[in-house]
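Asks: Sharing a model prediction with you, sequence too.
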Amino acid sequence: MTAQLIDGNALSKKIRADVAGRTAALKARGIQPALSIILVGEDPASQVYTRHKVNDSTETGLAATLERYPADLSEADLLRRIRELNDDPAVHGILVQLPLPRHMDSHKVIETISPAKDVDGFHVASAGALMVGQPGYWPCTPYGCMKMLESIGYDLRGKHAVVIGRSNIVGKPMALMLLQKNATVTICHSATADLKALTLQADVVVAAVGKRNVLTADMVKPGAVVIDVGMNRNDEGKLCGDVDFAGVSEVAGWITPVPGGVGPMTRAMLLVNTLEAAETMAK
Ligand code: NAP
């Protein structure tokens, strides 16, 4: 079997076009959807990510502001600034780029963002809303994975999904989203005794570990859907995922590439969340 590709670039383009259309409609009513991004310190990867977020926003008509602060900004000053943004009716989404400098308590910082503006979906109120099936912002990466499954018309009801990884921003919310769609979900992690025995039973495998070749062809049931969240570098220094793409493509029914898979979808879902925050506040 040669797997069909789930093209994150193509799908994210469609989603961005939809965001652009809905943004234009809001603007026609005099509402400019706006995202405020806060970057503390000089982390090189964070500088690239925040630049992308600003560019993605402006390309779709959203207003985005990047506020940069030195690494020695006090936590109190950061919290004060977040509270100001919470109170600013012209700001619909607030995103504090992680990781923060060590002297800051990132939980405290994220919990200071108003849940109504938590477009990253990292606030405990957002996590709780997902847990109990109430409206709230979903973390962008697993949300993007769900959109990829939706794009191929995949019916999760009664299917067995295995999620490898249990982080608060990817693995755990991914599992809850799959559960909401009536899949039977197994969450695996570094202490899972026999990963292969579990993945071989899976109709859907989501790999969110951060290690190359965590999922190889001998671990995949023929025809399964494989979603690769991982971002690693191969021996040549090129971006690659957690999945042995060449091998697994021969067994799986559907597969997401890296690059061009979950990455662009994550970026697109931040735009969706920001727009939806503005639409909700405009009601
Ligand atoms: P994380 O917090 O480091 O979590 C990694 C998870 O993998 C942990 O739950 C860990 O188990 C588990 N794990 C480690 N080794 C394992 C093994 N051999 N077998 C099974 N599970 C194992 O990472 P994260 O933030 O969730 O990110 C995961 C990957 O996704 C990273 O490569 C990251 O760069 C990528 N990512 C990509 C995007 C995107 O937009 N494409 C967005 C977010 C993250 P324990 O809990 O037991 O330690």
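Replies: Arrived safely.

Asks: who's in contact with the nearest residue to Tyr137 once chain neighbours are set aside?
Replies: Spatial nearest neighbour of Tyr137, chain neighbours left out: Gly121 (4.1 Å); criterion: Cβ to Cβ, 6 or more residues apart in numbering. All C-beta atoms are positioned from the backbone trio N, CA, C, and that covers glycine. The contact partners of Gly121, taken as Cβ atoms under 8 Å, 6 or more residues apart in numbering, are 127, 130, 136-140, 143, 173, 273.

Asks: Would you mind listing what in the stretch 101-250 of the chain touches the ligand?
Replies: Applying Cβ under 6 Å from any ligand atom, one finds that the stretch 101-250 of the chain approaches the ligand through 141, 164-167, 169-171, 188-192, 195, 208-211, 214, 229-232.

Asks: Okay, and which of those map to helices?
Replies: Of these, the ones assigned to helices by DSSP state H are 141, 171, 195.

Asks: In a markdown table: those residues, plus neighbour count, pLDDT and distance to Pro70.
Replies: Listed next are these as a markdown table, based on neighbours: other Cβ atoms under 10 Å; pLDDT from 0 to 100; distance: Cβ to Cβ, whole Å:
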| residue | neighbour count | pLDDT | distance to Pro70 |
| --- | --- | --- | --- |
| Thr141 | 25 | 98 | 29 |
| Gly171 | 23 | 98 | 33 |
| Leu195 | 17 | 98 | 43 |
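
Asks: Out of the contacts of Gly121, who's the most crowded?
Replies: Of all those, Tyr137 has the most neighbours under the rule other Cβ atoms under 10 Å, reaching 29 neighbours.

Asks: so how far is Ala224 from Lys196?
Replies: In this view, Lys196 and Ala224 are 13 Å apart by Cβ to Cβ, to the nearest Å.

Asks: circling back: among the ones in helices among the residues of the stretch 101-250 of the chain next to the ligand, pick out the one closest to the ligand, please.
Replies: Nearest to the ligand among those: Thr141, at 4.1 Å, using Cβ to the nearest ligand atom.
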